[in-house]
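Undergrad: sequence-free structure coming up:
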């Protein structure tokens, strides 16, 4: 239990901070959806932040995971750090140069060729984030969540303040006084997405400066033999990472490509879907935080006695937490919907589907321990590619008829299939005693509670009654879990006094 408590503590710290890297726009969702005049602008923002993570995978080519894998075994961690950091440094220069000169293709692919400023700033973000990858990994590998949290939270605060300045403060000042000082740095005729991305560039630059002490630890020495071994290990992770990003963010781009209608209409639909996707924030942020703490934890735990038992217990508590989170979001949508602007509420029906999909994704991340520990990263690549192919097929077939509902169901089918394939395959390669029947039962129960609540809402439309039943169902499930897991929970001091 002490090892799980340690993981929980690290996950808590990472949960306060890790959302900055790939989910920073999640925190900005209320600010942007309430203050951007057009849903199509939020759609453009969604297109930008759908493309950036995909290119981040190319720029980092799995070396973050490779660094964790080799650091957990090799004695000379400094050589590993030097090799990984310098590899990303030189490759980032090469990739950035290529992307910069071929940025026209990049802009055309995401439908923003008419906004060259956005494309240029996006390339800078990708480069800066790639350079910070290994220094951040060093903090995680050395179990320094406080420094990690400080750097990430600082970046979040800077990004939010700058976005507020450009999107809210500057337009108000120009409207009241056309000759105000802000006109020296702000042009009201420029698309607001340019300033959103500019704020992110500044945040990424300051983040890199805050990692200065870790960067200064890099020595110009590359172990070529080690580098080849790390590269061989990480190559399949590029395919897995690319497939993962296709599954996670590419549906916004596919929605714009394959939805019939005018460009403005398609970008509005992307904006609506992108905003409603953010309502799964509670689960996605927890999963992101968990991944940041779990990856180095799993590698270190592999050296202990009977690590499979620990992995199984981690999975059980993980599923319980995300099942509760599903209810907290799905049953309280009348409250959560105010997280986004009213013009986006028409898409709220996708939220429960996406919540379940992200639950499957979180479980898959837990299951992936078998191929990462066994140096069978090719298996992860095949699983993710299978999910990506399913995403493409469903979206290509159904987007023209069902718009963003097709994207939601494609995400559900993709993550569900990846979860099942990984479980079946993994149990044959590296058996872990998951209490899978119990975990499936928990998921089925929360889905049934959601349908019961939906039925009540159909007949009784008062918000107060909806929230009352939501609270009752939530406490029923928590009480049920506490009874089932009574013996295990008694070992935790926080629960012991309630279960005597």
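TA: Good, I have the coordinates. Predicted, not measured: the structure shown is a model, and the values here were computed from it. Residues are numbered from 1 along each chain as shown.
Undergrad: Can you tell me how far the closest residue to residue 429 other than its chain neighbours is from residue 427?
TA: Spatial nearest neighbour of residue 429, chain neighbours left out: residue 370 (5.6 Å); criterion: Cβ to Cβ, 6 or more residues apart in numbering. All C-beta atoms are positioned from the backbone trio N, CA, C, and that covers glycine. Applying Cβ to Cβ, to the nearest Å, the value for residue 370 to residue 427 is 8 Å.
Undergrad: The two: which has the busier surroundings?
TA: residue 370 (22 against 15; other Cβ atoms under 10 Å).
Undergrad: so the residue nearest to residue 429 makes contact with residue 426?
TA: Yes - here residue 370 reaches residue 426: they are 3.8 Å apart, a contact under Cβ atoms under 8 Å.
Undergrad: Find residues that contact each of the two.
TA: residue 432 (Cβ atoms under 8 Å, 6 or more residues apart in numbering).
Undergrad: Can you name the element that comes right after the strand or helix carrying residue 48?
TA: Assigning secondary structure by DSSP states H and E places residue 48 in helix 39-60. Using DSSP H and E, the helix or strand that follows helix 39-60 in sequence is helix 63-71.
Undergrad: which outside residues touch that following helix?
TA: 77, 80-81, 84, 87-88, 133-134, 137-138, 140-141, 226, 229-231, 233-234, 237, 295-296, 299, 372, 375, 377.
Undergrad: are any of these buried, and which?
TA: Neighbour-count burial (16 or more other Cβ atoms under 10 Å) is assigned, among the contacts of helix 63-71, to 80-81, 84, 87-88, 133-134, 137-138, 140-141, 226, 229-230, 233-234, 237, 295-296, 299, 372, 377.
Undergrad: mind showing which ranges of the protein have poor pLDDT?
TA: By pLDDT under 70, the low-scoring segments of the chain are 1-27, 72-75, 292-297, 299-304, 490-500.
Undergrad: Regarding it, what is its longest helix?
TA: If you go by DSSP state H, the chain has its longest helix at helix 224-258.
Undergrad: in terms of contact count, name the helices or strands touching it.
TA: Counting contacts by 3 or more Cβ pairs under 8 Å, 6 or more residues apart in numbering; DSSP states H and E, helix 224-258 is packed against helix 39-60, helix 63-71, helix 77-101, helix 263-277, helix 377-402, helix 404-429.
Undergrad: between that helix and helix 377-402, how big is the angle?
TA: Relative orientation of helix 224-258 and helix 377-402, computed by axes from the mean of the first three to the mean of the last three Cα atoms, to 10 degrees: 10 degrees.
Undergrad: now the angle from helix 224-258 to helix 39-60?
TA: Following the same axes, to 10 degrees, one obtains 160 degrees for the angle between helix 224-258 and helix 39-60.
Undergrad: pretty sure residue 311 contacts residue 298?
TA: Yes - here residue 311 reaches residue 298: they are 7.1 Å apart, a contact under Cβ under 8 Å.
Undergrad: Mutual contacts of these two, please.
TA: Contact with both residue 311 and residue 298 is made by residues residue 369, according to Cβ under 8 Å, 6+ apart.
Undergrad: between the two, who's got more neighbours?
TA: A count of neighbours by other Cβ under 10 Å puts residue 311 above the other of residue 311 and residue 298, at 24 against 21.
Undergrad: Look up the closest residue to that one, ignoring the ones flanking it.
TA: Leaving out its chain neighbours, the residue that sits closest to residue 311 by Cβ to Cβ, 6+ apart is residue 432, at 5.0 Å.
Undergrad: residues contacting that neighbour?
TA: With contacts defined as Cβ under 8 Å, 6+ apart, the neighbours of residue 432 are 308, 311, 312, 315, 369, 370, 426.
Undergrad: can you tell me which residues contact the last one?
TA: Residues touching residue 426, when contacts are defined by Cβ under 8 Å, 6+ apart, comprise 367, 370, 371, 432.
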